[in-house]
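Asker: What shape does this take:
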Amino acid sequence: MKKSMVKSERGFTLVELLATIVILGIIAAIAVPSIGKLIENTKEDTHKANAMQIIEAARLYVLSEDPSATSVNAQTLSREGFLEAVPKNPSGEGSYNVADVTINHNNSNGKKTYSITLNGGGMSKKSWTEAELKGTDN
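Answerer: Residues are numbered from 1 along each chain as shown. As a prediction, this is how the structure comes out:
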């Protein structure tokens with residue numbers, strides 16, 4: 001009686017287990033680089049959002065405090081109340097070491113253009129114009 005109970009029990013064979021492990025390994029080999037790229041893209045998008053936030057604060061600063069300013073940094077914007085705090089750097093610890101906005105005054109049409117440079121905390125130096133951040137050519 002004992003012999004028939006053992007024989008009727010079913011389980012996975014070694015080949016089935018190995019096949020499952022190989023399939024999981026293939027899935028992991030495909031997924032891990034994709035997740036890494038997704039994380040890098042998210043950090044890049046966060047840098048751009050932070051840059052746009054600082055540019056908008058600089059625009060308010062120029063309009064209300066110093067219309068002739070040619071540059072302002074995020075620390076000044078924070079200290080003057082135009083930013084709640086210098087945005088956190090998603091690539092490293094703490095805030096950006098450098099978060100400088102350059103204001104270019106176009107005397108022919110009176111428009112101002114803004115560009116920003118971010119650096120520090122585990123990231124390489126990045127610079128954008130406001131048009132690049134917005135995805136426009138203006």
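Asker: what pLDDT does K2 get?
Answerer: pLDDT, K2: 54.
Asker: ugh, wrong one, I meant A19
Answerer: A19 is assigned a predicted lDDT (pLDDT) of 96.
Asker: Next: N138.
Answerer: 51.
Asker: again, but for R10
Answerer: R10 is assigned a pLDDT of 80 by the prediction.
Asker: so it sits in a strand?
Answerer: No - secondary structure of R10, determined by DSSP: H, G, I helix; E, B strand; the rest coil: coil, with no strand assignment.
Asker: Which SSE is immediately downstream of the helix or strand hosting L63?
Answerer: Taking DSSP states H and E as the criterion, L63 maps to helix 14-64. Using DSSP H and E, the helix or strand that follows helix 14-64 in sequence is strand 71-73.
Asker: Same question for Q75, what's its three-state structure.
Answerer: helix.
Asker: Looks like it contacts N97 (just checking).
Answerer: No - between Q75 and N97 there is no contact under CB atoms under 8 Å: 10.2 Å. The way it works is simple: take the backbone N, C-alpha and C, and place the C-beta from them, glycine included.
Asker: Which elements pack onto the helix holding L63?
Answerer: Helix 14-64 is packed against strand 71-73, helix 74-79, strand 98-105, strand 112-119, strand 126-129, helix 130-134, with contacts defined by 3 or more CB pairs under 8 Å, 6 or more residues apart in numbering; DSSP states H and E.
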